[in-house]
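here is a sequence with its predicted model. Questions after.
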Amino acid sequence: MRRFLIAPILILVLASCIEYTSSFPVGQEGEAAPYDHLLGDWIFYKHIGDTLDNRSDEFNPHGLRIMPFNSNEFLIEMIPVDDSIVTALEYVNDFHLIRGWLTNLAGRQFLNLNPIGEKSDDTLFLLHHVQVRDDTLISTTISERLFKELSVEINSVSDHAEFVKSVADKEELWNIEYRYLKGKD
């Protein structure tokens, strides 16, 4: 029997404290962009420009299942591949689901990600720039260390949106990258 482990997208990274988080999303879920292109199963893979170094081995193998929740939000679960449940459990840290929605800013799409679960924080948001190219989902974010160096204060959704608009085209800041291949239907 195939066992599924429910966990949020990229919460593995949160557990290792390498991505910045905010108390505010970059956009409200009521104003979310369509997300149909994200739906389905995705398999994480290492790639030539992998910015995770050896952490890719820790995260691999796993898959993501992105499912509709309502007209504005989706849910994500992590699916261990090839009996990798032990590795996945080490990084899940008792988070069970993540809700997300898309926000369009500065001509790009951003994921607002909020973990759901017993030990999650309702006011904690991860932010990722996301693109789907052919059969590949590419997600990038800013490291916690780099974000702290920028000395940015975010006190509202509009503050967060203004920050993202100001750095959206600065590729060197979006220095953590994940790639997933579309699973077979």
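Yep, that arrived.

list the contacts of residue 26.
Applying Cβ atoms under 8 Å, 6 or more residues apart in numbering, we find residue 26 in contact with 103, 105, 110, 112, 125, 127, 157, 160, 161, 164. All C-beta spots, glycine's among them, are computed from the backbone N, C-alpha and C.

measure the third one to residue 67 for me?
Translated: residue 110. Residue 110 sits 20 Å away from residue 67, going by Cβ to Cβ, to the nearest Å.

quick one: which of those two has more around it?
residue 110 (24 against 13; other Cβ atoms under 10 Å).

on that earlier part again, can you add secondary structure and give the contacts of residue 26 back as TSV?
Converted to TSV, the contacts of residue 26 look like this (DSSP: H, G, I helix; E, B strand; the rest coil):
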residue	secondary structure
103	strand
105	strand
110	strand
112	strand
125	strand
127	strand
157	helix
160	helix
161	helix
164	helix
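
farthest pair within those?
By the measure Cβ to Cβ, 105 and 125 form the most distant pair in those, at 14.2 Å.

the two: who's more crowded?
residue 125 (22 against 17).

quick one: the more buried one from residue 157, how far?
From residue 125 to residue 157 the distance is 10 Å (Cβ to Cβ).

can you check residue 143 too?
For residue 143 relative to residue 157 (Cβ to Cβ), the value is 22 Å.

tell me where the model's unsure across this structure.
By pLDDT under 70, the low-scoring segments of the chain are 1-17, 47-61, 80-96, 117-122, 185.

tell me where this structure has strands.
In the chain, the segments counted as strands under DSSP state E are 21-22, 40-44, 62-68, 74-80, 97-105, 108-116, 125-133, 136-141, 176-182.

quick one: contacts for the nearest residue to residue 69 once chain neighbours are set aside?
Closest residue to residue 69 apart from its sequence neighbours, by Cβ to Cβ, 6 or more residues apart in numbering: residue 75 at 4.8 Å. The contact partners of residue 75, taken as Cβ under 8 Å, 6+ apart, are 66, 67, 68, 69, 97, 98, 99, 100.

what are the bridge partners for the last one, then?
Here residue 100 shows beta-bridge partners residue 74, residue 113, assigned using DSSP bridges.

so what's it up against?
Applying Cβ under 8 Å, 6+ apart to residue 100 gives the contacts 9, 35, 73, 74, 75, 76, 111, 112, 113, 114.

would you list the buried entries among the contacts of residue 75?
66, 69, 97, 98, 99, 100 (16 or more other Cβ atoms under 10 Å).

can you redo these as TSV with distance to residue 42?
Listed next are the buried ones among the contacts of residue 75 as TSV, based on distance: Cβ to Cβ, whole Å:
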residue	distance to residue 42
66	7
69	17
97	16
98	14
99	17
100	13
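
and which of those residues is nearest residue 21?
Nearest to residue 21 among these, with distances taken as Cβ to Cβ, is residue 98, at 12.5 Å.

that closest one and residue 44, how far apart?
15 Å.
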